[in-house]
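Asks: What would the 3D arrangement of this be:
(chains A, B and C)
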Amino acid sequence: MSDLVIQILAASMLLATPLLLAAIGELVVEKSGVINLGVEGMMLIGGLAGFIGLYQLQSSTCTMLIGENCFASENSVNQFQYIGSLLVAAIVGAMAAALFGFLTQYFRANHIAAGLGLTVLGAGLSNSLGGNFFGVDYTSAIVASVPPLFPESWGDVPVVGPLLFSQNLLVPFSFVMLAAVWFFLNRTRAGLVVRAVGENHHSAYALGYPVILVRMLTIMFGGAMAGLAGAFIVIAQIAPKWTEGITVGKGWLALALILFSTWRPGRVLLGAYLFGIVLALEPRLKAIFSNMSLELSYFLTALPYIVPVVVLVMISRNPVMIRRNAPASLGQTFEPRS
Amino acid sequence: MTSLLSLERITKAYPGVLANDAVDFAVERGEIHALLGENGAGKSTLMKVLSGLTKPDSGQIVWKGDETTISSPQGSKALGIGMVHQHFALFDGMSVGENIALGLGGQLDDTRRTRIIEMSEKYGLPLDPDALVFTLSAGEKQRIEIVRALLGEPELLILDEPTSVLTPQEADALFATLRLLRDEGRGLVFISHKLNEVRALCERATILRGGKVVATCVPAEKSAEEIAEMMIGTRPVPTAKGQQNLGDVALEVKDLRTKDVRVPALAVRRGEIMGVAGVAGNGQEALYAYLSGEDLAPQANAIWLNGVEAGRSGPSQRRALGGAFVPEERLGHAAVPDFSLIDNTLLSNLGTDGFQRRGLINWTLTREHATEICDGYDVRHAGVTGRAASLSGGNLQKFIVGRELIKQPEVLVVNQPTWGVDMGSATNIRDQLKALAESGSALLVISQDLDELFDLADRLCVLNHGHLSEAKPTHEWTAETLGVAMTGDVQEQAA
Amino acid sequence: MIRIVPRTQFGFWATAFPLLLAFSITVVVGFLVMVAMSEQPLSDTWTLLTFPWQARTASVQWGFVLQKSSYLAIMAVGLSIGFRANVWNIGAEGQFAFGSIAAFAAYLLFGMPDTTWFLPVMLLFGILGGIAWALIPAALRVWANTNELLTSLMLVYVAANVLNYVTTGPWKGDPKAGQAESDPIHESLRIASIIERTDFHWGVIISAGAILVLAFVVLFTTFGYSLRVAQNTPRAQKFAGFSPQMTVWMSFALSGATAGLAGAIFLSAETGKLIQSENYLNGLGFTAIVIAFLGRLHPIGIVAAALLISYVNVGATYVQSASQVDDAVADLVQVTALFAVLGTAFLSQYRIVFGKADLSTEGAV
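Replies: Have a look, this model is predicted:
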């Protein structure tokens, strides 16, 4: 039984990490007073970009070493190629976010509409490019799995093996980023400015802070993190594989996480792992109780979407907590007052 | 000796307005210099020039004898100019210390914390660095602004309408601080409407009217009336109180107890103006909300309009009972900024006869009515289809008050009738309010401006920490007793 | 130097100029997308623009366009009611699903009647189903102060699971079908085509009628006025005596009703049976959100946007079958149009002025 627990925990880490990455990014964005509903779209675009990057890096190295007759399936991927593809994902995610940023910050478009548009764009663009990007159909492209950080034999060590040593690079990275974002927001000068811009953009502007620039930067950071989250789902969560709409609503869960956390990094972590456990439990419970009723089975499938609603209801009952932590100018378009 | 700052022939034009017309203005070290003028006289533009928010079309800024340019707020700060704005540039969800650190461009650390405490003690501005701003009073918020400005070690400190939110006692404490700063050799610019304060505090005064400097004088040598005449051109006529023809009670509050306000008893008679004095943030908003029906009282019998229980009735029902309401905030509460004046006319007239029938709006009538309001109440506008936000504060306020007055309401509740309105419009609005009372309506005026209340009200009560005192005839109050009532211990008063 | 200054007067051009600009941007960018995705961009673009006349029967293609745009327009008009008042129902997809489910439930409940007279009852149940599902986020918002945007969205996934459940469980039809699906409804309950062999059916007319009613409500009644007041100024809404809670209830009820109606029409006109969500829900509820914004939340604009986008969509499908250009080109054109409209919308409140001066036009105040 304890094996199962460890298995579920390891799986939930795998499922929680993209939520955590995307939510960390969006947390900073929202702290600066912007709500970007395009997380799902940025994850799709970033994920595809990372996948294309990995495929290209791998096949170019392979062609260099072996020559023309290089079968992708025989390739291996090293850690540097993996990091390279992650960088591609982050940059492309940030670029997609920049589009949203230009629309909302410079052209004063409605945040909600532009964010939804970004989601549609992400879905449309990744679908069309995934099917054909410079002649390659990525829906059938095969890329080797990413090597774990530690020697594979370490994974056999009881408990800590599967939980710590078998994990992908982005798992520890997500923890580091979380700590970094907490430190940034609460302990640095720039973080104070970000919070100030989110709290009252008119006052921040009056004090001479570049509201629009700050928001552009946080938006692009959010995009980069969403891109990484997408790349994790595509490249690292199971095996590298691209399918249309591969994120299936994880971007929206990341947004729900922010509300769940009332804009506090610690609670983002808690929420991400809570959702991760729910997601990890579902197939396993179904496997164990193979004779469970159809109702229960579908209820379990829908659970990851019901839990956020229930949690949101419980959290929203406490308006004081939200008042203290919520950025007061969230979602408002900034127009400099003369 | 050269002046600390001197502005020479500053000119700034906006489309259709010459906001500053060759303005000369100089501040010496060790003086408090008053800048006086009506709204629209060009004070704000001059301040924007000094704070680097706008560039003059022509003219020179000379700082300690050297010609300079100020191209950004940071540049202004770097030069040694500190600003305390009328509308606080504060972050409500953050702590006092963080707010101050933001003003200085840095993180809050222990040295900063110590300096904040030192500074606030030295100048008599007590502050707790860890308090959250949204829990503070207006006076405390202003102290944050002042400390924030002082930590930048400014040689010139500009204060825009600093006393408008303070109690008389708080204002006195502020003046002590300002004199201390003056004696250290700094230059201070004091922008105010309150002529008596200027006469008591300032060494010199520069008076602007229509973008031009009309006079520079020593205010202590002039009477308030003389200064006012220079500001607005004509002498304001003191309006005499109308005869006391009081009818029966039209607005009554009986034992209203909520988390924001406590009103043991209040009764306003027809023909009477009841004033509610108090420092900002003592429950004015809440009192207005309960009286207008935007918030409902716990019991229906807590509020009576024209002899009918109205505590649980919404704004529309109260309007049907003869009530009319003017909230404090013009844009976003009393009017929708992006709506035309026609659309805004409908806002408080949905229940008025003829404006709608079975949910269908009569736009022709609404348009005619909007024109009538503008013509009848001297609203200067560029057409009734123009946005409300494009009107100046004074004109929009005349429109909003006019929209209610034209109905000849039996009960009118007004919150801050002339807040931030130029003197001409303010006088106009007050006269209209008095005329309404004389015609037999009951008025309740909530205001922070004591001069206004003394001018308007027949009786006065005081709102302090949400507690509304008993009403007394206005002439029985003095500035001192009012000040005590506005700041004193509520418990004591209740006993 | 270019400056942005607020408009003080709003004439015809204040509305027309941004739209024309957005349209031009969409045309240019759309063509560039075509250049990127197609080997013969010119001829493919020509095909995309003129496909009804390229196809064997133009009326069939027009039928596709009308049918698709009717679903989008009716849902978008419903959604725009809430969007006008800052009430964010983005779960129309789920309400659409519930409209279908409720219509089918009515069919079963009344013993599978075999008469066209039952059709209105089915549509009514569709509307009620959509409303019921939409009122969940409304209730959570009003009673528990919960962000309706996220709850309405999460409920889309829940509704999809409900659809999967009924098609695999209690209402499971032919087990040999390649997908989970219910038994079909009687042929007499299928909405008939107005023009033979096209998708131009009576459902389009019903939607058009519903749009007219809603447009009238939004544009000419006090309820419509109250939505405009609520848009950016919740306090003015209280001042006028409107109840913010009522706005939330009504917005969700109306948008749920339109989505439910669309779902019921879809069931009757397109599939005739419920199918598992992957093959039944095709994102109409999400596209409707885009359409609502494309039409600038105005009923006339929404209908125009729905027609245009549907035209491009159907055209893209046609081009895909004719010359192998991925039909995602339609999505990209759609997003381009949305971003162009959003990005130029501020021009109806502001003017661009060339010349030297600073940002403020108000005099010294």
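Asks: Any residue of stretch B:303-310 touching chain C?
Replies: No - Stretch B:303-310 is not in contact with chain C by Cβ under 8 Å from any Cβ of the partner chain; minimum separation 12.9 Å. Heads up, the C-betas are built off the backbone N, CA and C, glycines and all.
Asks: Now do that stretch, average pLDDT.
Replies: Per-residue pLDDT values over stretch B:303-310 give a mean of 92.
Asks: Ok, stretch A:20-35 next?
Replies: pLDDT averaged over stretch A:20-35 gives 95.
Asks: That stretch and chain C, are they touching?
Replies: No - for a cut-off given as Cβ under 8 Å from any Cβ, stretch A:20-35 has no contacts with chain C; the smallest distance is 9.0 Å.
Asks: Stretch A:240-253 too?
Replies: Yes - legend: contact between stretch A:240-253 and chain C by Cβ under 8 Å from any Cβ is shown at A:249, A:252.
Asks: Kindly check the end-to-end length of that stretch for me.
Replies: Stretch A:240-253 has an end-to-end distance of 22 Å (Cα to Cα, to the nearest Å).
Asks: how far does stretch B:321-338 sit from the chain's center?
Replies: The chain centroid and the centroid of stretch B:321-338 are separated by 16 Å, computed with Cα atoms, centre = their mean, to the nearest Å.
Asks: C-alpha coordinates for that stretch, CSV please?
Replies: Extracted as CSV, the C-alpha positions of stretch B:321-338 are listed here (Å, rounded to 0.1, in the frame of the first residue of the first chain):
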residue,chain,number,x,y,z
LEU,B,321,-41.6,59.0,-1.5
GLY,B,322,-40.2,62.4,-2.4
GLY,B,323,-36.5,61.9,-1.7
ALA,B,324,-33.6,63.0,-3.8
PHE,B,325,-29.9,62.3,-3.3
VAL,B,326,-26.6,63.7,-4.4
PRO,B,327,-23.6,61.5,-3.5
GLU,B,328,-20.1,62.8,-3.0
GLU,B,329,-18.3,61.3,-5.9
ARG,B,330,-19.3,62.9,-9.1
LEU,B,331,-17.8,60.5,-11.6
GLY,B,332,-18.6,56.9,-11.1
HIS,B,333,-21.4,57.4,-8.5
ALA,B,334,-23.6,60.4,-9.3
ALA,B,335,-22.8,60.2,-13.0
VAL,B,336,-21.4,57.6,-15.4
PRO,B,337,-18.2,59.2,-16.9
ASP,B,338,-18.7,57.7,-20.4
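Asks: for the record, mean pLDDT for it?
Replies: 90.
Asks: Return the residues in contact with residue 253.
Replies: I'll assume chain A. A:19, A:275, A:304, A:305, A:308 (Cβ atoms under 8 Å, 6 or more residues apart in numbering or on different chains).
Asks: my question was about chain B
Replies: Residue B:253 touches B:263, B:265, B:266, B:267, B:291, B:302, B:303, B:304, counting by Cβ under 8 Å, 6+ apart.
Asks: quick one: which of those is nearest chain C?
Replies: residue B:291 (12.7 Å; Cβ to the nearest Cβ).
Asks: Give me the contact list for the helix or strand where that closest one lies.
Replies: In the assignment (DSSP states H and E), residue B:291 maps to helix B:284-292. For helix B:284-292, the surrounding residues in contact (Cβ under 8 Å, 6+ apart) are B:251, B:253, B:256, B:258, B:260-261, B:263, B:276, B:278, B:294-297, B:302-303, B:315, B:318, B:323, B:325, B:327-328, B:413, B:415-416, B:444, B:446, B:448, B:463, B:466, B:468, C:239.
Asks: buried subset of the residues you listed?
Replies: B:251, B:253, B:256, B:258, B:261, B:263, B:276, B:278, B:294-297, B:302-303, B:315, B:318, B:323, B:325, B:327-328, B:413, B:415-416, B:444, B:446, B:448, B:463, B:466, B:468, C:239 (16 or more other Cβ atoms under 10 Å in any protein chain shown).
Asks: you'd agree residue B:440 is up against residue B:248?
Replies: No - between residue B:440 and residue B:248 there is no contact under Cβ atoms under 8 Å: 10.6 Å.
Asks: interface residues of the stretch 51-200 of chain C facing chain A?
Replies: Looking at chain A, the residues of the stretch 51-200 of chain C close enough under Cβ under 8 Å from any Cβ are C:88, C:90, C:140, C:144-147, C:149-151, C:153-155, C:157-158, C:161-162, C:164-165, C:168-169.
Asks: Among those, the buried ones, what's the PyMOL command?
Replies: Entered in PyMOL, the line below selects the buried ones among these, by 16+ other Cβ under 10 Å:
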select buried, chain C and resi 88+90+140+145+146+147+149+150+151+153+154+155+157+158+161+162+164+165+168
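Asks: Sitting in helices, which of the residues of the stretch 51-200 of chain C next to chain A do you find?
Replies: Judged by DSSP state H, those include C:140, C:144, C:149-151, C:153-155, C:157-158, C:161-162, C:164-165, C:168 as members of helices.
Asks: about what we covered before: and the next helix or strand past the helix holding residue B:291?
Replies: The C-terminal neighbour of helix B:284-292 among helices and strands, as given by DSSP H and E, is strand B:303-305.
Asks: Which residues belonging to the helix or strand containing residue C:278 are considered buried?
Replies: Here residue C:278, judged by DSSP H and E, is contained in helix C:277-280. Within helix C:277-280, the residues that count as buried by 16+ other Cβ under 10 Å are C:277, C:280.
Asks: One more: stretch A:270-279?
Replies: For stretch A:270-279, by 16+ other Cβ under 10 Å, it's A:271, A:272, A:273, A:274, A:275, A:276, A:277, A:278, A:279.
Asks: Could I get the contacting residues of the closest residue to residue C:323 other than its chain neighbours?
Replies: What sits nearest to residue C:323 in space, not counting adjacent residues and going by Cβ to Cβ, 6 or more residues apart in numbering or on different chains, is residue C:44, at 5.7 Å. Counting by Cβ under 8 Å, 6+ apart, residue C:44 touches C:34, C:38, C:319, C:323, C:325.
Asks: Looking at the residues you listed, which one is closest to chain A?
Replies: For those, the nearest to chain A is residue C:325 (9.3 Å; Cβ to the nearest Cβ).
Asks: what sits against the closest one?
Replies: Residue C:325 neighbours (Cβ under 8 Å, 6+ apart): C:34, C:37, C:38, C:44, C:316, C:319.
Asks: next one: residue C:179
Replies: Here residue C:179 is in contact with C:275, C:276, C:279 (Cβ under 8 Å, 6+ apart).
Asks: what about the second one, how many neighbours?
Replies: If I follow you right, that is residue C:276. Counted with other Cβ atoms under 10 Å in any protein chain shown, the neighbours of residue C:276 add up to 19.
Asks: Now do the closest residue to it other than its chain neighbours against residue A:330, distance only.
Replies: Nearest non-adjacent residue to residue C:276, counting by Cβ to Cβ, 6+ apart: residue C:180, 4.0 Å away. Distance, residue C:180 to residue A:330, using Cβ to Cβ, to the nearest Å: 41 Å.
Asks: Could you check which of the two is surrounded by more residues?
Replies: Ranked by neighbour count (other Cβ under 10 Å), residue C:180 and residue A:330 place residue C:180 first, with 23 against 17.
Asks: Spell out which parts of the stretch 351-495 of chain B neighbour chain C.
Replies: Near chain C, when you scan the stretch 351-495 of chain B using Cβ under 8 Å from any Cβ, you find B:351, B:356, B:359-361, B:382-383, B:385-387, B:389-390, B:392-393.
Asks: Closest one of those residues to chain A?
Replies: Closest approach to chain A among these (Cβ to the nearest Cβ): residue B:389, at 11.0 Å.
Asks: what's the pLDDT at the nearest residue to residue C:154 once chain neighbours are set aside?
Replies: Once flanking residues are discounted, residue C:154 sits nearest to residue A:305: 4.5 Å by Cβ to Cβ, 6+ apart. With respect to pLDDT, residue A:305 scores 84.
Asks: what's the answer for residue B:93, then?
Replies: Note on residue B:93: pLDDT of 84.
Asks: hmm, back to that, any chance of the contacts of residue A:253 in TSV, with secondary structure too?
Replies: Converted to TSV, the contacts of residue A:253 look like this (DSSP: H, G, I helix; E, B strand; the rest coil):
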residue	secondary structure
A:19	helix
A:275	helix
A:304	helix
A:305	helix
A:308	helix
